[in-house]
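Trainee: Here is my input; please provide its structure:
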Amino acid sequence: MKRIILEKEAIHKGNLILVNKNYPIVTKDNQKFFTPIDINCTDILLESRAVIMLSKLMQALNCTDEIVPVSGYRTLQEQEKIYKDSIRENGVDFTSKFVALPNCSEHQTGLAIDLGENKPNIDFIRPDFPYTGICQRFREKSAQYGFIERYPKDKELITGIACEPWHFRYVGYPHSLIIQKNGITLEEYIDYTKKAPYEGRHLTIQSGTQSLEVCYIKASASSVTVVELPDDTYCQISGNNVDGFIMTLWR
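Mentor: Alright, predicted model coming up:
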């Protein structure tokens, strides 16, 4: 058996961290791990794995001329400016629906990307990304590459944000597929994983010839959480930014 030691601060790191007004960003800015999404958009950054998978998704759809990136990673200072500018220009009601509070924005994680249909005069706050054509094909295929539509319609009371068809979040596979198939939000998925504790029955997903398992590990009250796994087991672990970790196992 091998022992994996998870530091308490690791709760706030990883592809599956939940960031909203109830669970703000805790870890310090790690911009050095972010990269431009492509050579034509050097000012739009994402976490490196998200960049790779977004590129693969765009190539699979051959849509680089039809869909354009609008906003990726933002610093705290940039989010503060966007929020203040929106309050001044659009008012409190609009801003509370479409602009996250500073330190409560997924854009500060480097895991979120706003996309727009390629046309003149793209709105930075609300780019057009319809549920038709290439945009819908992107949306339907996104889960295969680890992305989810983060703020879907009729989930506003759960996410705290109005429907944003243009905002996609990288959570990684197979989590994106589970979220999409069940029609749930990241908030709901965090709770969903708790029904599959590490010591109990795991969520199981078949991917080709591989069997993947997902489970939840509650963080210990002490400074570290220790997990024991068989030596031949490969796993990935992400904090949930709430109270523990989500583990993905390859059998």
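
Trainee: Between its first and last residues, how far does stretch 33-53 reach?
Mentor: End-to-end distance of stretch 33-53: 15 Å, with C-alpha to C-alpha, to the nearest Å as the criterion.

Trainee: and it, which residues are buried?
Mentor: Phe34, Thr35, Pro36, Ile37, Ile44, Leu45, Leu46, Glu47, Arg49, Ala50, Val51, Met53 (16 or more other C-beta atoms under 10 Å). For every residue, glycine as well, the C-beta is placed using N, CA and C.

Trainee: ditto for stretch 151-164
Mentor: Those would be Tyr151, Pro152, Lys155, Thr159, Gly160, Ile161, Cys163, Glu164, for stretch 151-164 by 16+ other C-beta under 10 Å.

Trainee: hmm, which two among these are most spread apart?
Mentor: By the measure C-beta to C-beta, Pro152 and Gly160 form the most distant pair in those, at 13.1 Å.

Trainee: in the stretch 101-250 of the chain, which spans are strands?
Mentor: Assigned by DSSP state E, counting those that start in this stretch, the stretch 101-250 of the chain shows strands spanning 112-117, 147-151, 164-170, 203-207, 210-218, 224-229, 234-239, 244-250.

Trainee: contacts for the fifth one?
Mentor: Contacts made with strand 210-218 from outside it, assessed by C-beta atoms under 8 Å, 6 or more residues apart in numbering, are listed as 6, 174-175, 178, 193-198, 200, 202-206, 225, 227, 237, 243-251.

Trainee: 6 Å instead, please
Mentor: Residues from elsewhere that reach strand 210-218 (C-beta atoms under 6 Å, 6 or more residues apart in numbering): 174, 193-194, 196-198, 202-205, 244-249, 251.

Trainee: now it, how far from the chain's geometric center?
Mentor: Computed by C-alpha atoms, centre = their mean, to the nearest Å, the chain-centroid distance of strand 210-218 equals 18 Å.

Trainee: picking that back up, let me have the buried residues of stretch 33-53 in TSV, extended by pLDDT, distance to Ala60 and secondary structure.
Mentor: Output for the buried residues of stretch 33-53, formatted as TSV (pLDDT from 0 to 100; distance: C-beta to C-beta, whole Å; DSSP: H, G, I helix; E, B strand; the rest coil):
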residue	pLDDT	distance to Ala60	secondary structure
Phe34	92	23	strand
Thr35	93	20	strand
Pro36	94	20	strand
Ile37	92	16	coil
Ile44	94	20	coil
Leu45	95	22	strand
Leu46	96	17	strand
Glu47	94	20	strand
Arg49	95	17	helix
Ala50	96	16	helix
Val51	96	15	helix
Met53	98	10	helix
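
Trainee: can you redo those residues as CSV with distance to Phe147?
Mentor: Listed next are the buried residues of stretch 33-53 as CSV, based on distance: C-beta to C-beta, whole Å:
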residue, distance to Phe147
Phe34, 16
Thr35, 17
Pro36, 18
Ile37, 13
Ile44, 15
Leu45, 16
Leu46, 11
Glu47, 12
Arg49, 11
Ala50, 8
Val51, 12
Met53, 7
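
Trainee: From those, pick the one nearest Asp128.
Mentor: Using C-beta to C-beta, Ile44 comes nearest to Asp128 of those, at 17.7 Å.

Trainee: From Ala162, how far off is the nearest residue to that closest one once chain neighbours are set aside?
Mentor: Nearest residue to Ile44, sequence neighbours excluded (C-beta to C-beta, 6 or more residues apart in numbering): Gly72, at 4.2 Å. To Ala162, Gly72 is 20 Å away according to C-beta to C-beta, to the nearest Å.

Trainee: what's next to stretch 224-235, contact-wise?
Mentor: Defining contact as C-beta under 6 Å, 6+ apart, one finds that stretch 224-235 is touched by Met1, Lys2, Arg3, Ile4, Ile5, Leu6, Glu7, Ala219, Met247, Leu249, Trp250.

Trainee: By neighbours, which of the residues you listed wins?
Mentor: Met247 (22 neighbours; other C-beta atoms under 10 Å).
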